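**Q** Sharing a model prediction with you, sequence too.
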Amino acid sequence: MKSLGSAILLVPQAASAGDLIDSPVKTNRLRPPGAVPEEIFTGKCIRCGRCVEVCPYKSIVPQDIKAGIHAGTPLIFAEKIPCYLCMKCVQVCPTGTLLKIGMEEVRMGLAVINRHTCVTWREETLCRTCYNVCPFKEKAIHLDRLRPVVDEKYCTGCGMCTHGCPITDKMGSKAINIEPLFASKSVQW
Amino acid sequence: MKSLGSAILLVPQAASAGDLIDSPVKTNRLRPPGAVPEEIFTGKCIRCGRCVEVCPYKSIVPQDIKAGIHAGTPLIFAEKIPCYLCMKCVQVCPTGTLLKIGMEEVRMGLAVINRHTCVTWREETLCRTCYNVCPFKEKAIHLDRLRPVVDEKYCTGCGMCTHGCPITDKMGSKAINIEPLFASKSVQW
Amino acid sequence: MVNHRKKRNLGKWRLLIQTGAFLVILLAPFLNHYFQIDFIQGWYQSLGIGKLWFVSPLEGLESILVSKIIYLPLLIGMIIPILVALFLGRIFCGWICPINYFCDLSDRFGRLFTRRRFRRDRLVLSRKLLWYALMGEILLTLILGAPIFVFISPPGLIGREIMMAVFFHTFALEGVVILGVLAVNLVTRRFYCRYMCPLGALLAFIGNCRKLRVVQDQTACNECGLCDRTCPLGLNPSLGEGMSAYCWNCGECVDNCAHDAISFKWRR
Amino acid sequence: MVNHRKKRNLGKWRLLIQTGAFLVILLAPFLNHYFQIDFIQGWYQSLGIGKLWFVSPLEGLESILVSKIIYLPLLIGMIIPILVALFLGRIFCGWICPINYFCDLSDRFGRLFTRRRFRRDRLVLSRKLLWYALMGEILLTLILGAPIFVFISPPGLIGREIMMAVFFHTFALEGVVILGVLAVNLVTRRFYCRYMCPLGALLAFIGNCRKLRVVQDQTACNECGLCDRTCPLGLNPSLGEGMSAYCWNCGECVDNCAHDAISFKWRR
């Protein structure tokens, strides 16, 4: 719940920083791996599109002019095509907007389970899709009395669980969603 | 008690650093968030006043010529208007006198409870104002057998507790005060 | 038509290089997307060939100015484009940029249907506008905290639209900028390139003291004025404007001079 | 009164720009305080417009010298002011600084009541004092470990006093410096700017080899001496002192020359 709270705080915080137009980053809308804080992402990214071209899964989609000053910046729609952590994009980013990091260090966000919609937590059935697809199974997601539990320490926010989750509520949310917590970090100059 | 001790040491220490006039930083007189050590604060700050202008709460007050060489530098009077940790000032500081840090990393000082004046510690009544107003409740201030206790690990020194504290002694001190311990840190060149 | 004493072939070489450069950004998305061959990625904001990175000097400068962080690989990626501009001037515009390629193609196409070899420029402004475009672009970028003008830089947009079409079978809305730039070219040749392109301005600025220049031999010149009419940027090589910062060394005037009075010279 | 052959309007443009610049620092505190619109903050120590930062070169230099820490955003904030000074010289003083704005206004006001167009300078010292002021200021700053002179820099003080009035409904004591500077202006025009302002000295130093200069055409000059009397800094444009480091390119002499003998020239 705490995580959700701070994720909701993200947008007004970014707006108060003087952005003319709000960041497109929100639940299940993530920057690629290794992204610098959202505060300077749009300023640092030169819209060269190399991360988009190099991504073998078409996970990374460039924003168009409707995103205002964020147009041209890359975004991952976690529930559509998640990041498979191949780390090709961080290798080609020429500006350091995506910093070169290892697979386990990726923190695109944090998976948060909605215990009110998750069928396993509602004790309707025994689904363990998120657990099965997690690239860090037993670390990022483990089963606690057969119910999935996320560990902040290991979750990379890749979104494979969100993509795999069979539950979609009326608002389009999955029963496990990625909150881009780390995008709100501020820059150290 | 250790904390109080080093706070008292602060002023002579700063003076020994070659300042012609003592630093205005003392109990409840704090530099804004992210401030560099007091040793170089006055040298690094160019008195542009942008932190003062941008603060939505008027927490930050520029010193006038009576502060000697410190004139024009920003100061927060914790018991009057504390810092609400909106972090706008660190965003605009052009010189890095206020470094860009996150809300939780702020260390403007440390809240120290005076157990002789605090009505809860004196067991006169059950006041928990400081606990209630703390932005990091349960972390920075928790209740130990109903009495407030500060945790150095989490306290940012924002002063909201000092501002909220209903007790003011004859000297103008509150029952919980902010000691600017971290201002005495020395610079690593 | 003027009878050429010795026809040079710079124009054909330029067409070849422009076509090759265009094929690179046209084919790279296909190779990336359908064959997972990512040897070449990107376009003229940043082009990666194997492990070699080019970064456009203007985009790189803006990224540094806005983010206020020096990232060494970015600087290294800018070295080759800056060196090329230092020595050869605004040659990227004349010989590589797909916008000028399209404009050149449309000029060649037009010549098939009209007897007039050179189109007239209907709207001529002060050339200094180019510098104001650069300054305005950088100021606006700094105020907004995002490289907004460059994100709609026409050569970059062509690369992006090709990629969008290949990858997502759609076009981005901002592609209309390309159409606008090509449209104003019909009013005045290279209108955008002459007066408005901040990237061209930066390259021109860097190349102000370039080594390779278009030089006029006044003894051989018979003042026919053909070079002045042929220049797509509306410069007057006959008045020595091939030496100015504005010339992008395309070599049209060199090609067209009937008396060998204009040539490229390498200045030591 | 002299009959002007061709009246230039530089003076009116200057008044307009000065007024605009003053309105920015006058209105920004109101917008910040009452409407929480923090698009513009600060004044002439550091002005923030959106994500764009200007930092005064002198204050930035002192901050680096005293703290001995290089902070990249500070350097980037100084780029534009330094570039402007490199190309245009001490133009901030002449066209933006609120102190000179007030002095200009008082000059204009005075002309309403007296027939003498130009005030006489009652105390004329060596112009080199300006350099000593800069050196002394930097030395004192380094000795004290605090930018003491600049904290009482008059243009900065005006910004601070406006902010103090809006935010705290009070004035800071050090505001008397402004009154002092304006008072000595009555003794000798721009006395403080001529001999004492360290910021003006630094800008003059940076702009020593500036591109934009006031140049005198000796063939057109009839040596009437009007330019010399009109110069608020007491320079003699008729002796070519418009080319010296001291000139702040205000254009008063250009405006007042009856024979078009003095003009701004962009040096290549």
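**A** Sure thing, it's come through.

**Q** For residue 122, which residues are in contact?
**A** Since no chain was named, I'll use chain A. By Cβ atoms under 8 Å, 6 or more residues apart in numbering or on different chains, residue A:122 lies in contact with A:115-116. Where you see a C-beta, it was placed from the backbone N, CA and C, and this is true even at glycine.

**Q** hm, I was asking about chain C
**A** C:187-188.

**Q** I'd assumed it was in a strand, is it?
**A** No. Counting by DSSP: H, G, I helix; E, B strand; the rest coil, residue C:122 is located in no strand; its state is coil.

**Q** Can I get stretch C:255-263 as CSV, trimmed to CA atoms?
**A** What follows is stretch C:255-263, C-alpha atoms only, in CSV (Å, rounded to 0.1, in the frame of the first residue of the first chain):
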residue,chain,number,x,y,z
ASP,C,255,29.7,21.7,-61.4
ASN,C,256,28.0,24.4,-63.3
CYS,C,257,30.8,26.9,-63.9
ALA,C,258,31.5,26.8,-67.6
HIS,C,259,34.9,28.3,-67.3
ASP,C,260,36.4,26.3,-64.4
ALA,C,261,36.5,29.6,-62.4
ILE,C,262,35.1,27.9,-59.3
SER,C,263,36.6,25.0,-57.6
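
**Q** in that stretch, what's buried?
**A** C:255-257, C:259, C:261-263 (16 or more other Cβ atoms under 10 Å in any protein chain shown).

**Q** Which residue ranges of chain A form strands?
**A** Listed in chain order, the strands of chain A (DSSP state E) span A:29-30, A:60-62, A:74-77, A:110-113, A:141-144, A:147-150, A:176-179.

**Q** before we move on, the earlier item: so among the buried residues of stretch C:255-263, where is pLDDT lowest?
**A** Among those, residue C:259 carries the lowest pLDDT, at 83.

**Q** That one contacts residue C:218, correct?
**A** No. Counting by Cβ atoms under 8 Å, residue C:259 does not reach residue C:218; the two are 11.2 Å apart.

**Q** ok, residue A:81 - contacts?
**A** Counted by Cβ under 8 Å, 6+ apart, residue A:81 has contacts A:57-59, A:163.

**Q** swap the cut-off to 10 Å and go again
**A** By Cβ atoms under 10 Å, 6 or more residues apart in numbering or on different chains, residue A:81 lies in contact with A:55, A:57-61, A:159, A:163.

**Q** Out of these, which end up buried?
**A** Of the contacts of residue A:81, these count as buried by 16+ other Cβ under 10 Å: A:55, A:59-61, A:159, A:163.

**Q** Can you narrow the residues you listed down to the ones near chain C?
**A** By Cβ under 10 Å from any Cβ of the partner chain, the members of the buried ones among the contacts of residue A:81 lying near chain C are A:55, A:60-61.

**Q** Could you find the closest non-adjacent residue to residue 66?
**A** Picked chain A for this. What sits nearest to residue A:66 in space, not counting adjacent residues and going by Cβ to Cβ, 6 or more residues apart in numbering or on different chains, is residue C:173, at 6.9 Å.

**Q** Can you look at chain C instead?
**A** Nearest to residue C:66 is residue A:43, by Cβ to Cβ, 6+ apart, at 3.4 Å.

**Q** Quick check: the one you found vs residue A:60, distance?
**A** Using Cβ to Cβ, to the nearest Å, one gets 19 Å for the distance from residue A:43 to residue A:60.

**Q** How about residue C:53?
**A** Distance from residue C:53 to residue A:60, counting by Cβ to Cβ: 18 Å.

**Q** same question for the host helix or strand of residue C:18, mean pLDDT?
**A** Using DSSP states H and E, residue C:18 sits within helix C:10-35. Here helix C:10-35 scores 91 as its mean pLDDT.

**Q** What of stretch A:171-189?
**A** Stretch A:171-189 carries an average pLDDT of 82.

**Q** Where does the prediction get shaky in chain C?
**A** Scanning chain C for pLDDT under 70 picks out C:1-8.

**Q** what sits against the residue in the stretch 1-150 of chain C that chain B sits nearest to?
**A** Closest contact between the stretch 1-150 of chain C and chain B, by Cβ to the nearest Cβ, is at residue C:68 (10.1 Å). The neighbours of residue C:68, taking Cβ under 10 Å, 6+ apart as the test, are A:40, A:43-44, A:187, A:189, D:51, D:53, D:71-77.

**Q** Not including adjacent chain positions, what is the nearest residue to it?
**A** residue D:73 (4.2 Å).

**Q** which residues does that neighbour contact?
**A** By Cβ under 10 Å, 6+ apart, the residues touching residue D:73 are A:187, A:189, B:93-96, B:100, C:65, C:67-69, D:53, D:55.

**Q** Between these, which sits nearest residue C:118?
**A** Using Cβ to Cβ, residue C:65 comes nearest to residue C:118 of the contacts of residue D:73, at 39.9 Å.

**Q** interface residues of chain C facing chain D?
**A** Residues of chain C lying close to chain D by Cβ under 10 Å from any Cβ are C:64-70, C:128, C:135, C:138-146, C:208.

**Q** ok, of those residues, which come out buried?
**A** C:64-69, C:138, C:140-146.

**Q** Can you pull out the low-pLDDT segments for chain A?
**A** Scanning chain A for pLDDT under 70 picks out A:1-21, A:186, A:188-189.

**Q** if you set the cut-off to 50 instead, what comes out?
**A** A:1-20 (pLDDT under 50).

**Q** from the buried residues of stretch C:255-263, which ones fall inside strands?
**A** Counting by DSSP E, the buried residues of stretch C:255-263 place C:262-263 in strands.
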